[in-house]
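Visitor: Only the shape, not the letters, is given here:
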């Protein structure tokens, strides 16, 4: 029973990694084929390495301001308005 569960878990993980490779728009067709072969030939280690690679290249290709940092857009007074005492 434990062996079957372990094999099922490895199979599901490999399918997930293959799905991520296929959906990756950054890779060319040849790269996708080779990475899928790596996942199939080396099921656990290959899948982990390829998943880390895919996550890394997707993270590197995100726009720099894709995530919100801080409190969002700020409506602040300019230094001129603050120091001139304009009300």
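Guide: That came through fine. Predicted model only: the values in this text are computed from it and were never measured.

Visitor: What is the least confident helix or strand in the protein?
Guide: helix 79-83 (a mean of 58; mean pLDDT, DSSP states H and E).

Visitor: Residues touching stretch 46-60, excluding its own?
Guide: For stretch 46-60, the external contacting residues (C-beta atoms under 8 Å, 6 or more residues apart in numbering) are 13-14, 16-17, 20-21, 24, 26-27, 35, 38-40. Yep, even glycine has a C-beta here, placed from its N, CA and C like the rest.

Visitor: where in this structure is pLDDT low?
Guide: Across the chain, residues meeting the criterion (pLDDT under 70) sit at 64-87.

Visitor: go again using 90 as the cut-off
Guide: 58-87 (pLDDT under 90).

Visitor: From residue 43, how far off is the spatially most central residue of the chain?
Guide: Among the residues of the chain, the one closest to the centroid is residue 55, at 3.7 Å (C-alpha atoms, centre = their mean). Using C-beta to C-beta, to the nearest Å, residue 55 is found at 19 Å from residue 43.
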